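Colleague: show me the folded form of this:
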Amino acid sequence: MVAMLAVLMGSSAFVVDLGLQRVARADMQALADLVALDLARQLDGRTVAQLAPVLDAALTESLERNASSVGEDPEIEYEVGVVGDEGFEPIDAGVPSAVSVVAETDVDFAFAAVTGNDSGAAAREAAAEASSTACFRLGTFVAAIRAADSTVLAPLNDLLGVNLDLVSYRGLADADLTLAQIAATSVFGSPEGLLSSSITYSNLVLAMIEALQAEGGNSLAIQALGSVLSSTVTATVGSIMLADALHVAPTDRAAMEVGLDVLDIVGSARLADGQHFLGVPNIQAHVPGVGFQFTGGINLVSAAELACGVPNSPDAHADIAQLDGSVGVTFTNMPSLNIAGLGTLQTPKGTGTLQISAGNGTGQLIAPPQVHCGANTVADPTTMSVGVTTGLASYQLRSDVSVAADVKLTDLLGLGLTSVLTNLLGNILTLGSKISLEVEVELRVGANATAGSGRADLRIPPNDETPVSTGSSIHLDAAAIVPTVKSVKLNGKNAQLAGVTAVTNLIVQALVTTGKGFVEKTLTPLIANINQQFIGPVARMIGLRLAGADVYAVGATCARPRLVG
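Modeller: Here you go, the predicted model:
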């Protein structure tokens, strides 16, 4: 009986002390987790050396807040590093993004005399990573409106199906909402309802009206959104995936709280369902020789996309707006050319092609360099970097003009074409007094760009309002027109271009001469209309550039800790 009692007492003592040790281990795990999270909050882009005193102080404060645990006063050790493929990896220098913490204590056993053990150790480890979330935008609808650029009103009204003025659009540009506000409306009810499923464009506009009404003081924006809501365009847009235009994870609470311009939300979401066909405005107005019929078309694909997320993550990725297509132009009633030494030459036909392939690129929030959350002052700006990659791009107007006439043989001989005529047509004595002349000239203006990549280093301020611009502006310069003779026929036979420059130089000069040539009379005003009424306003409306983008910083949240081990 005594032996049995001894066994029972020993077993009970062992169970009690083991339970106490188990509680201590749980306490150490909780303590390691909490301390790791507290220390990770300090990992904001500073180096190991800079962080050493900061982390020591943070450790002391964390232990004071979390002093209750079983056992002796815990001993804490930590090291900083990064999280790699194999988990936490310590570093001795550089910028850490993670911290590993080991918490250890000893517990005195109540039945040491029975078990033979005075105490037991309890140690646990935790690792936490500090991630930074930042938001950027490629292009914006807001800049042109705030600059009072009235030329963007026509394409913007066409896009939204409304007839608003600059004052109304300024109301939309000056109002801001967070995605959290929109998600909380009765229309959606949750971030997932807004961003994780298909929604209708009309419901998005309705939710924005509700959110602005709850804020108060947004009468201009609410009235303008009412016009958008009732437009036939809104009714035909149908379902969209808002996440295709605003790349924000519904679980990214910091990004959900970033203030966004209402106009950018409306415009970006409008294009989330695909491409928008641009109608050709009255670009033939006050342009002699341009007909009223145009062929082809140009499409706008996406615009002012927003992206928020951790650097190098799929969420922190946005597409550059695309403008693609071509428009054919027919030149009519073209004037004749009076050229000394050749006489009067007719221009029986001419065609033009306006072609653009702009955009076709991406932006990606990258690190390094690390996102830095500053005080948003000139002395201490918030900083982030976006890698911009673009594909092949081109924007040009090509005009093909035919010049034809029966010219005097003696005029051609006088220009030194005797050998050309003889070699091409035979004995000049048998050719008669007139030679049929046909010349095809191409007049081209514009630019081509190769694929490329670069980095936009953004600061707040000033890049929340003033972009970092890559690529070049989308603009045609009439002074940069380049003429090229494509072919010359004499009596229907193709002549070598090098041998007839005495003729072609005169014709080209007549086409481009200031005051009376085709370039001055027709192409120059046509290009001006394209710049001011057609492609130019669309590009300015969304901040589109050739082989690049206007890149804006929207906001950042740094040192958001999470346990990783």
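
Colleague: going forward, measure contacts between C-alpha atoms and count neighbours the same way
Modeller: Will do.

Colleague: what lines up beside the strand of greatest length in the chain in the sheet?
Modeller: Across the chain, the strand with the greatest residue count (assigned by DSSP state E) is strand 119-138. Taking DSSP bridges as the criterion, strand 119-138 pairs within the sheet with strand 98-108 (antiparallel), strand 305-309 (antiparallel), strand 548-563 (antiparallel).

Colleague: the most centrally placed residue in the chain and L306: what is the separation?
Modeller: In the chain, the centroid-proximal residue (CA atoms, centre = their mean) is L138; its distance is 2.6 Å. As for L138, its distance to L306 is 7 Å (criterion: CA to CA, to the nearest Å).

Colleague: give me the common contacts of the two.
Modeller: Residues touching both L138 and L306 (CA atoms under 8 Å, 6 or more residues apart in numbering): A318.

Colleague: what residues are up against V551?
Modeller: V551 is in contact with F136, R137, L138, G139, A456, N463, P467, V468, S469, T470, counting by CA under 8 Å, 6+ apart.

Colleague: now with 10 Å?
Modeller: Under the criterion of CA atoms under 10 Å, 6 or more residues apart in numbering, the neighbours of V551 are 136-140, 304, 320, 363, 385-388, 456-458, 463-470, 543-544.

Colleague: what about stretch 363-379, start to end distance?
Modeller: Start-to-end span of stretch 363-379 (CA to CA) is 27 Å.

Colleague: re earlier: name the residues of the longest strand of the chain that are buried.
Modeller: Neighbour counts over strand 119-138 (16 or more other CA atoms under 10 Å) mark 120, 122-138 as buried.

Colleague: which residues of the stretch 251-400 of the chain fall in strands?
Modeller: With DSSP state E, counting those that start in this stretch as the criterion, the stretch 251-400 of the chain has strands at 260-261, 275-278, 290-301, 305-309, 317-319, 322-331, 337-339, 343-358, 361-366, 382-390, 393-408.

Colleague: list the helices and strands the second one packs on?
Modeller: Packing contacts for strand 275-278, counted by 3 or more CA pairs under 10 Å, 6 or more residues apart in numbering; DSSP states H and E, involve helix 153-160, strand 290-301, strand 322-331.

Colleague: the fifth one now?
Modeller: Other elements packing on strand 317-319 under the criterion 3+ CA pairs under 10 Å, 6+ apart are strand 119-138, strand 246-247, strand 305-309, strand 361-366, strand 382-390.

Colleague: the last one: how far from the chain's middle?
Modeller: Pointing back at strand 382-390 there. From the chain centre to the centre of strand 382-390 is a distance of 10 Å (CA atoms, centre = their mean, to the nearest Å).

Colleague: same question for the longest one.
Modeller: How far strand 119-138 lies from its chain's middle: 30 Å, per CA atoms, centre = their mean.

Colleague: one more: the third one?
Modeller: On the basis of CA atoms, centre = their mean, the separation between the geometric centre of strand 305-309 and that of its chain is 8 Å.

Colleague: can you dump the C-alpha coordinates of that strand into CSV?
Modeller: Extracted in CSV, the C-alpha atoms of strand 305-309 (Å, rounded to 0.1, in the frame of the first residue of the first chain):
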residue,chain,number,x,y,z
GLU,A,305,-5.1,52.4,-63.2
LEU,A,306,-4.3,52.2,-59.5
ALA,A,307,-2.3,49.5,-57.8
CYS,A,308,-1.7,49.0,-54.1
GLY,A,309,0.3,46.3,-52.4
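
Colleague: per-residue confidence averaged over that strand?
Modeller: The average pLDDT for strand 305-309 rounds to 92.

Colleague: likewise for the last one?
Modeller: Per-residue pLDDT values over strand 382-390 give a mean of 95.

Colleague: please name every helix or strand in contact with it.
Modeller: So strand 382-390, by 3+ CA pairs under 10 Å, 6+ apart, packs with strand 119-138, strand 317-319, strand 361-366, strand 452-460, strand 548-563.

Colleague: which of the residues in the third one are buried?
Modeller: By neighbour count, with 16+ other CA under 10 Å as the criterion, the buried positions of strand 361-366 are G361, T362, G363, Q364, L365, I366.

Colleague: dump the residue contacts of the third one.
Modeller: By CA under 10 Å, 6+ apart, the contact set of G363 is 136-138, 305-307, 316-320, 385-390, 453-456, 548-549, 551.

Colleague: please apply the same query to the fifth one.
Modeller: With contacts defined as CA under 10 Å, 6+ apart, the neighbours of L365 are 133-136, 307-318, 371, 384-388, 455-456.

Colleague: PyMOL command to pick out the buried ones of those?
Modeller: PyMOL command restricting the contacts of L365 to the buried ones, with burial defined by 16+ other CA under 10 Å:
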select buried, resi 133+134+135+136+307+308+309+310+311+315+316+317+318+371+384+385+386+387+388+455+456
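
Colleague: re the thing from before, tell me the first helix or strand C-terminal of the longest strand of the chain.
Modeller: Using DSSP states H and E, the helix or strand that follows strand 119-138 towards the C-terminus is helix 142-146.

Colleague: any idea how far that following helix is from the chain center?
Modeller: The chain centre lies 17 Å from the centre of helix 142-146; the measure is CA atoms, centre = their mean.

Colleague: show me the contact partners of it.
Modeller: By CA under 10 Å, 6+ apart, the residues outside helix 142-146 that reach it are 149-153, 166-174, 261-264, 267, 304, 465-467, 537, 539-543.
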